[in-house]
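J.: how would this look folded up:
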Amino acid sequence: MKRPSTDLLFTDSFGFPMTSERAQQKIKNSPHLQHWVSELSIDADRLMNEPIPTLSYTAFADYVNNGNRDTYQKLYFLRRRRLNALAILLYLNPNEPLYQTHLENILWSICEEWTWSLPAHLNLDSIFNLSENESNAYEQIDLFAAETAFSLAEILTMHKNRLPALINQRIHYEIERRVLRPFLAFEHSWEKAEHNWSAVCAGSIGACAIYLVDSEDRLASILEKCIRSVGYFEQGLTDEGVCQEGYHYWQYGYGYYIYFADLLKKHTQSEINLLENPKIKCAAKFQEKVFMGAGTVANFSDALEQASPMLGLSHYLHAHIDHIHLPHSTLCAAYGNDPCYRFAPAIRDLIWFDETNEGQDWPCHESFFPEAKLLLKTATYHDKQIGFAAKGGHNDEPHNHNDLGHFMIFVDGVSMLSDLGAGHYSRAYFGSNRYDILTNGSHGHSVPIIGGDVQSTGEQAAAHVLSYNNQHEETRFSLDLTNAYTTESLHSFKREWKVDNKTGAIKIIDSFSLHSPEPIIERFVSLAKDVQIESGKLILSRLDSELSVYFAQDTWSVDVKRESFIDHSGAPQEVVLIDFTLSEVNGDASFEFDFI
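T.: Numbering: from 1, shown residues only. From the prediction side, this is the model:
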């Protein structure tokens, strides 16, 4: 098969060769892109007056010795930030010598890095005890090594007539020895990962190879291996298209799957079209289902409460897959929203954005996903939008939290019963004590503590769907959560939600069966800033939203306490833990709480 020109690979979603002139015209016609490029230019002006950050031994050793990721990663991502800004601005302003010089220098500096992988992802034992069957640090491929290769390959394609021959040759050399050769030579653990790693790593490598590998036989070998690997990411999605890692990992893994699939489709002249896979089409709809209003998502697992759709990816999916909702441009991520400064999504915000097509508000919906055991629902009641999310699943999911039976309630896009989402990533966060951390353990979720026991970890700790029924007046969803706990005296624990489809009121009914007396704590988690306690009622307030919790006053002792946790950015945050306690429950007992 004749290989298409790389000029045609670098196109927008409608097949336009994305020249600088075409890009400038898009920007001229789009207030959103005008603001995006203005922020990019301001950032570049500042960065060009600062030295390129040095990836020091001290920064690297802070992870090795202390498990602290931030010191090294902040420097690493600042370098990628500079790369993004200068590569895009030179593309838009090809005759600007200042952008040219600074781009050349950051490209050369990235080629000089000891490894393109992050310290947290390296097999340090193999580095310190290298044998003939193990790889050097520079040959180890993690998410960011693969992304770097993809970025450099794409930047070379954009600027192939502008970059000096020596830089061109150096980039080819470094990609070859760091990524392409090791990819073919070694079997990597992520190649069969049913989560974002397989899509990001294999997708990036496949995209890089399409741009740079001249030998058709060698390219075929690389692509065959990449296609097989991204297939494992697809397997990790449920048949209904749910990404159990959470929305931000949907953006990440699914996004890189799409970037690769798009280039592969163009390279093979549509003979290989991964976009036609039914599960991938279903997964395209996950985004519009998981938003609970404006920029707030049901942030199960290691997701964040506040999120911004990616502009380019959203427009691409809307253009290529039927019945995909297009969000407002104002909701989409602005320049600089990605703390890792990934080039592939950044450039596609420009080349895939259709400036003639503006999006709409998120549609209200009720979506039940039986395989994921997940219910997501938004609806408007008397000018107030209510979002509701309830989760089953099991406690060994990718980026797992122990959260079976956990639920969230949103009022006008504000999380009132909350999920803390992703905590601060460190070595401890992914270590043996992961579930001692409030963000990850069930003690940081709206689920009971039974007999002093929190939920256990593992696939055996699984929820079972008892029923789901959506009628005109009421939605009902119930789970058997017995296997989430190892309490010896627990015979069964079932939780049912009832949503009044006329008023938006939500009721939960928890039913316990115990062989011997045990204390029960019904815990509810909120990021509310104010909590007022009245007779049989709590009022939670956050921003301009309120949620009332009704309970049997004579049954429970109530304790409202505030605890601190470290959020994903590393900042301390405060959470409200509301505990309804019974010192002794025996036999069969059911308890109700109402949320209005």
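J.: CA only for contacts and neighbour counts going forward, please
T.: Will do.
J.: how about the strands of the stretch 351-500 of the chain, start to end?
T.: 365-369, 374-381, 384-391, 394-395, 407-411, 414-417, 449-450, 458-462, 464-470, 474-480, 490-500 (DSSP state E, counting those that start in this stretch).
J.: Return the most buried member of those strands.
T.: For these, the largest average neighbour count (mean count of other CA atoms under 10 Å) is found in strand 414-417, namely a mean of 27.
J.: any idea of the mean pLDDT in whichever strand or helix holds Thr58?
T.: Element membership of Thr58, judged by DSSP states H and E, is helix 57-66. The pLDDT scores in helix 57-66 average 95.
J.: any idea which helix or strand comes after it?
T.: Counting by DSSP H and E, the element that comes right after helix 57-66 along the chain is helix 70-92.
J.: Other residues contacting that next one?
T.: Outside helix 70-92, the residues that touch it by CA atoms under 8 Å, 6 or more residues apart in numbering are 20-21, 23-24, 40-41, 43-44, 47, 52-56, 59-60, 62-63, 96, 99-100, 102-103, 106-107, 110, 118-119, 155, 158-159, 339-343, 346-347.
J.: Stretch 409-418 too?
T.: Residues from elsewhere that reach stretch 409-418 (CA under 8 Å, 6+ apart): 292-296, 305, 384-389, 407-408, 445-446, 524-528, 540-543, 545-547.
J.: try it again with 7 Å
T.: With CA atoms under 7 Å, 6 or more residues apart in numbering as the test, stretch 409-418 has contacts from 292-294, 296, 384-389, 408, 525-528, 545, 547.
J.: cool, and stretch 112-124?
T.: Against stretch 112-124 from outside (CA under 7 Å, 6+ apart): 60, 63, 69, 137-138, 140-142, 144-145.
J.: and if you look at stretch 488-501?
T.: So stretch 488-501 is in contact with 472-482, 505-516, going by CA under 7 Å, 6+ apart.
J.: and it, C-alpha only, in PDB?
T.: Written as PDB, here are the backbone C-alpha positions of stretch 488-501 (Å, rounded to 0.1, in the frame of the first residue of the first chain):
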ATOM      1  CA  GLU A 488     -18.200 -12.000  61.100                       C
ATOM      2  CA  SER A 489     -21.600 -11.200  62.500                       C
ATOM      3  CA  LEU A 490     -22.900  -9.600  59.300                       C
ATOM      4  CA  HIS A 491     -25.300 -11.800  57.500                       C
ATOM      5  CA  SER A 492     -26.400  -9.200  54.900                       C
ATOM      6  CA  PHE A 493     -26.300  -5.500  54.100                       C
ATOM      7  CA  LYS A 494     -28.500  -4.000  51.400                       C
ATOM      8  CA  ARG A 495     -28.800  -0.400  50.200                       C
ATOM      9  CA  GLU A 496     -31.700   1.000  48.200                       C
ATOM     10  CA  TRP A 497     -32.100   4.400  46.700                       C
ATOM     11  CA  LYS A 498     -35.400   5.900  45.700                       C
ATOM     12  CA  VAL A 499     -35.500   9.100  43.600                       C
ATOM     13  CA  ASP A 500     -38.800  11.000  43.400                       C
ATOM     14  CA  ASN A 501     -39.000  12.000  39.800                       C
END
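J.: starting at the chain centroid, how far to it?
T.: 29 Å (CA atoms, centre = their mean, to the nearest Å).
J.: ok, now stretch 586-596?
T.: That offset, for stretch 586-596, works out to 34 Å (CA atoms, centre = their mean).
J.: Same check on stretch 175-184?
T.: Worked out by CA atoms, centre = their mean, stretch 175-184 lies 27 Å from the chain centre.
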